[in-house]
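Trainee: Predicted model follows, preceded by the sequence.
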Amino acid sequence: MPVLYVTQPGAEVRKKGARLQVEWQGQLLATLPLRLVERLVLLGPVQLSAAATQVLLQARIPVLFCNMRGNCYGVLTVGYGDSELLLAQVERYRDENYRLSMAKAIISAKITHQQRLLRRHVRNHPNPVITQIADQIDQILMTLPNRSSVSEVMGVEGQASALYFSAFGHCLRQSGITFTERNRRPPKDPVNAVLSLGYMLVLSEVLSAVMAQGLNPGLGFLHEVSNRHPALALDLQELARQPVVDRLTLSLFNRGVLTKDDFLTQPNGGVRLKEQSLKRFLLFYERAMTTPFRYGRDGKIGTLRDWIKEQAQSLKKAILSGETWMPEVLEL
């Protein structure tokens with residue numbers, strides 16, 4: 001089922017019979033049967049009518065409220081969860097050894113994805129700098145099993161990510177598009193703007209998958225529990241950064257789908273996509289999320305959205321059983 005994105009500032013999402021309608025200044029921008037909507041993502045100042053809110057809650061369709069800079073600041077969803085599962089989550093969270101094993105599994109998968117993305121790039125575009133950095137990331141990954149605390153695991157992740165992003169700019173081949181470091185709040189260049197937006201969209205994917213399994217998205221293992229962020233969703237987001245967002249970002253810039261002319265610089269120095277360019281990006285994002293491919297040991301065919309849902313399902317099983325969770329790493 002599709003995800004409905006609303007990007008027009010000042011638009012309103014309304015209920016019309018068994019359909020959702022997006023209206024702006026008396027114009028009908030979009031209409032979609034409610035039964036076909038999997039998730040509603042509101043980007044920027046978009047209104048949601050009371051009738052639409054009620055029917056979305058009844059249908060258990062989550063609504064994500066986000067800004068144009070790539071930050072998700074709220075989720076509307078039914079608040080009931082699985083009590084047995086919640087108790088299991090709490091028990092696993094309080095088990096320091098279990099938390100450590102989860103943290104290692106997540107970061108091992110993330111670093112492997114980083115290394116695989118870089119090596120895939122140099123297969124088609126040889127670059128000794130990227131190759132050297134990929135080798136260094138391999139060495140850092142080998143130290144992960146020896147770490148004895150979640151904070152040490154996060155230290156390994158920080159080292160690997162610093163190296164990875166130092167190589168990321170070398171993977172960009174469009175003249176005039178450069179990347180020197182990861183920055184956000186606000187992103188200060190086109191590449192960081194797309195990365196931030198993409199990571200926010202992936203977080204919305206993960207939030208939906210986690211909540212669909214009855215898991216509490218705020219009770220994580222790698223990220224600290226906080227009222228300010230969904231820790232468990234952020235845990236799973238780490239798995240999807242390279243397979244979804246980083247690959248898509250490189251593809252859009254290297255193919256010239258996005259150029260410097262697609263971005264605006266704001267008074268605070270932040271950079272974001274123009275309205276029409278954002279719509280184009282969302283089309284390519286949805287295409288990336290819904291294109292079938294073969295993955296896994298048994299060579300099954302699915303989409304990246306399927307893969308994210310499967311990670312949430314396997315995580316739930318691991319939490320209930322107390323077994324070590326092994327996320328599925330993609331070949332890239």
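Mentor: Thanks, I have it.

Trainee: average pLDDT across the longest helix along the chain?
Mentor: When every helix of the chain is counted residue by residue (DSSP state H), the longest turns out to be helix 96-124. Averaging pLDDT along helix 96-124 gives 96.

Trainee: Against which helices or strands is whichever helix or strand comes after it packed?
Mentor: Next in sequence after helix 96-124, counting helices and strands by DSSP states H and E, comes helix 128-142. Applying 3 or more C-beta pairs under 8 Å, 6 or more residues apart in numbering; DSSP states H and E, one finds that helix 128-142 contacts helix 96-124, helix 150-168. Every residue, glycine included, has its C-beta placed from N, CA and C.

Trainee: how far does helix 128-142 sit from the chain's center?
Mentor: Mean-position distance between helix 128-142 and its chain equals 24 Å (C-alpha atoms, centre = their mean, to the nearest Å).

Trainee: and the spatially most central residue of the chain, what element?
Mentor: Taking C-alpha atoms, centre = their mean, the centroid of the chain lies closest to V202, which sits 2.0 Å from it. Taking DSSP H and E as the definition, V202 sits inside helix 190-212.

Trainee: angle of whichever helix or strand comes after that helix against helix 96-124?
Mentor: Using DSSP H and E, the next helix or strand after helix 190-212 towards the C-terminus is helix 231-240. Calculated by axes from the mean of the first three to the mean of the last three C-alpha atoms, to 10 degrees, helix 231-240 forms an angle of 30 degrees with helix 96-124.

Trainee: If you count neighbours, what's buried in the helix or strand bottoming out on mean pLDDT in the chain?
Mentor: Ranking every helix and strand in the chain by mean pLDDT, DSSP states H and E puts strand 72-76 at the bottom, with a mean of 74. Across strand 72-76, burial judged by 16 or more other C-beta atoms under 10 Å covers C72, V75, L76.

Trainee: Next: stretch 131-151.
Mentor: For stretch 131-151, the neighbour count (16+ other C-beta under 10 Å) marks I133, A134, Q136, I137, I140, L141, L144, R147, V150 as buried.

Trainee: Find the nearest non-adjacent residue to the first one, please.
Mentor: Nearest residue to I133 in three dimensions, chain neighbours excluded: A167, at 4.1 Å (C-beta to C-beta, 6 or more residues apart in numbering).

Trainee: now swap in the third one and tell me
Mentor: With C-beta to C-beta, 6+ apart as the measure, L163 is the residue that lies nearest to Q136, at 5.5 Å, once sequence neighbours are left out.

Trainee: related to what we said a few turns ago, what lines up beside the least confident helix or strand of the chain in the sheet?
Mentor: Using DSSP bridges, the strands paired with strand 72-76 in its sheet are strand 63-66 (antiparallel).

Trainee: who's in contact with the partner strand?
Mentor: Here strand 63-66 makes contact (C-beta atoms under 8 Å, 6 or more residues apart in numbering) with 39-44, 48, 53, 56, 72-77, 200, 204, 207.

Trainee: Distance to D82 for the helices and strands packed on helix 128-142 - can I get that in CSV?
Mentor: Below are these laid out as CSV (distance: least, C-beta to C-beta, whole Å):
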stretch, distance to D82
helix 96-124, 19
helix 150-168, 25
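
Trainee: Go through the ones you listed and name the closest to G214.
Mentor: Across the helices and strands packed on helix 128-142, G214 has its closest neighbour in helix 96-124 (18.0 Å, C-beta to C-beta).

Trainee: can you give me the angle the closest one makes with helix 128-142?
Mentor: 160 degrees.

Trainee: Could you check how far S321 is from Y98?
Mentor: S321 is 11 Å from Y98, where distance means C-beta to C-beta, to the nearest Å.

Trainee: again with K15
Mentor: 44 Å.

Trainee: now swap in Q174 and tell me
Mentor: Counting by C-beta to C-beta - Q174 and Y98 are separated by 45 Å.

Trainee: returning to that earlier point: what's in contact with the least confident helix or strand of the chain?
Mentor: With C-beta under 8 Å, 6+ apart, strand 72-76 has contacts from 48, 53, 56-57, 62-67, 200, 203-204, 207, 211, 230.

Trainee: What's the first helix or strand after that strand?
Mentor: With DSSP H and E setting the assignment, the helix or strand that follows strand 72-76 is helix 83-94.

Trainee: Now find how far off-centre that next one is within its chain.
Mentor: Distance, stretch centre to chain centre, for helix 83-94: 24 Å (C-alpha atoms, centre = their mean).

Trainee: Stretch 271-286 now?
Mentor: Offset of stretch 271-286 from its chain centre (C-alpha atoms, centre = their mean): 16 Å.

Trainee: what do you get for stretch 226-236?
Mentor: Centroid separation between stretch 226-236 and its chain, computed with C-alpha atoms, centre = their mean, is 12 Å.
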